[in-house]
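K.L.:
This is the structure alone, sequence omitted:
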């Protein structure tokens, strides 16, 4: 909590906790600890790919109203065999998610938190945890999730089949979200100028009683896919559940789009910080390696926020506000090189030729 309050703007608004699991493939080494089978080669498999093992981590990132991203400590998924060997209590990914929700540091300026996750975490356990903590959540409904009758008994009508009983022409409304014009633009940190991608939804929200969850708000939506020439390539259907009936249909759709931010986060962790490049058999060592990678993200966020406070150029402020991991690393490297040049010139160059020497040195290093 001290870290969260030390380098974020005191700006009130909705905070988002995005939760998901990620796996890192480690090859088929037999001695890797706490590994799950990612791919098992079959006897008739002629692809040439060997059996593959992987490690699983549950991760969460906090998204603040000013665009800051705070990675929470990773929660390793321990296999039953590993737990039995080291006399540990086995926990499913859903149980780890509940633990993360309960243990998450609460920012001092937070007036509302919304938990986002995929359908794997949909259920009574996460629902109760969020309700107990006073948090909202938005999670896709499981395909088997059913409505309940007045007595609370489970009916045969699933939420996914419920769409056939709704008048799509009269009840469903068109909702448009344009990239760069959403209320949640700051959370997304878009870095492609001039791109105006429009998403079209046809959606309807209603309060219903759902088996196992009680009274919740359910949003049924179709997302129109991109057009190819004069044809439209179908539409995707999704059912979203939330315990917050104060949210509008548009808010629910826009908020849930932020769940994709953790997928971008995983991609940056693996492609930029080498999250999946660890070599070794000890799972304890690998977990520490992951913690260092997360600390690197946290440090880059601190550098981003401290640079924003010192920058006066509106263009630079806009660029830094949108900067993600790779851009922040490049900015930091450039700053380090410039400070090294100044230090060298201060130590070895005389004052008369200091400015000329600095310009020449910068030109040689191509960072002017």
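P.N.:
Cool, got the structure. This one's a predicted model, so the numbers in the text were calculated from it and none came from an experiment.

K.L.:
sec struct for residue 316, please.
P.N.:
For residue 316, the assignment made with DSSP: H, G, I helix; E, B strand; the rest coil gives helix.

K.L.:
give me the number of residues near it?
P.N.:
The number of residues packed near residue 316 is 14, by other CB atoms under 10 Å. Where C-beta positions appear, they are placed from N, C-alpha and C, glycine not excepted.

K.L.:
And for residue 242?
P.N.:
A total of 24 residues lie near residue 242 under the criterion other CB under 10 Å.

K.L.:
just checking, what packs against the strand or helix carrying residue 138?
P.N.:
Assigned by DSSP states H and E, residue 138 belongs to strand 136-140. If you count contacts as 3 or more CB pairs under 8 Å, 6 or more residues apart in numbering; DSSP states H and E, strand 136-140 packs onto strand 112-116, helix 124-133, strand 235-242, helix 249-257.

K.L.:
Would you tell me which one of those is buried the most?
P.N.:
Counting by mean count of other CB atoms under 10 Å, strand 112-116 has the highest mean neighbour count of the helices and strands packed on strand 136-140, with a mean of 22.

K.L.:
Quick check: mean pLDDT of it?
P.N.:
On average, the pLDDT along strand 112-116 is 95.

K.L.:
the inter-axis angle of that strand versus helix 124-133?
P.N.:
Using axes from the mean of the first three to the mean of the last three CA atoms, to 10 degrees, the direction of strand 112-116 lies 170 degrees away from that of helix 124-133.

K.L.:
mind listing what strand 112-116 pairs with, with the direction of each?
P.N.:
If you go by DSSP bridges, strand 112-116 pairs up with strand 14-27 (parallel), strand 136-140 (parallel).

K.L.:
Just want the phi and psi numbers for residue 149.
P.N.:
phi -90, psi -170 (degrees, to the nearest 10).

K.L.:
That one and residue 108: what is the separation?
P.N.:
Distance of residue 149 to residue 108, computed by CB to CB, to the nearest Å: 44 Å.

K.L.:
what's the answer for residue 133, then?
P.N.:
16 Å.

K.L.:
ok, now residue 127?
P.N.:
27 Å.

K.L.:
start to end distance for stretch 73-83?
P.N.:
Taking CA to CA, to the nearest Å, stretch 73-83 runs 20 Å from one end to the other.

K.L.:
which residues of the stretch 51-200 of the chain fall in strands?
P.N.:
52-63, 69-71, 75-76, 112-116, 136-140, 146-148, 154-158, 173-178, 198-210 (DSSP state E, counting those that start in this stretch).

K.L.:
Residue 294 is nearest to which of the ones you listed?
P.N.:
Nearest of the strands of the stretch 51-200 of the chain to residue 294, taken as CB to CB: strand 69-71 at 4.6 Å.

K.L.:
Quick one: mean pLDDT for the closest one?
P.N.:
93.

K.L.:
so where's the stretch 51-200 of the chain uncertain?
P.N.:
Scanning the stretch 51-200 of the chain for pLDDT under 70 picks out the ranges 51, 191-196.

K.L.:
80 instead?
P.N.:
Within the stretch 51-200 of the chain, the stretches with pLDDT under 80 are 51-52, 108-109, 190-196.

K.L.:
ok, back up a step: mind telling me which of the strands paired with strand 112-116 the model trusts least?
P.N.:
strand 14-27 (a mean of 88).

K.L.:
list the buried ones in it?
P.N.:
The neighbour-count check on strand 14-27 (16 or more other CB atoms under 10 Å) flags 14, 15, 16, 17, 18, 19, 20, 21, 22, 23, 24, 26 as buried.

K.L.:
Quick one: the residues you listed as CSV, columns for distance to residue 90 too.
P.N.:
Converted to CSV, the buried residues of strand 14-27 look like this (distance: CB to CB, whole Å):
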residue, distance to residue 90
14, 34
15, 31
16, 29
17, 24
18, 25
19, 19
20, 20
21, 15
22, 20
23, 18
24, 20
26, 21
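
K.L.:
Please identify which two of those are farthest apart in space.
P.N.:
14 and 26 (37.4 Å).

K.L.:
Just the buried residues of the helix or strand hosting residue 304, please?
P.N.:
Element membership for residue 304 (DSSP H and E) is helix 283-310. Neighbour-count burial for helix 283-310 flags 283, 286-287, 289-290, 293-294, 296-297, 300-301, 303-305, 307-308 (criterion: 16+ other CB under 10 Å).

K.L.:
same question, stretch 144-155
P.N.:
Buried residues in stretch 144-155 (16+ other CB under 10 Å): 145, 146, 147, 148.

K.L.:
which one of those residues sits closest to residue 208?
P.N.:
residue 147 (6.1 Å).

K.L.:
any idea which helix or strand carries the spatially most central residue of the chain?
P.N.:
Centroid-nearest residue in the chain: residue 262, 1.8 Å away (criterion: CA atoms, centre = their mean). Here residue 262 sits within helix 260-271, counting by DSSP H and E.

K.L.:
Residue 32 too?
P.N.:
Using DSSP H and E, no helix or strand contains residue 32.
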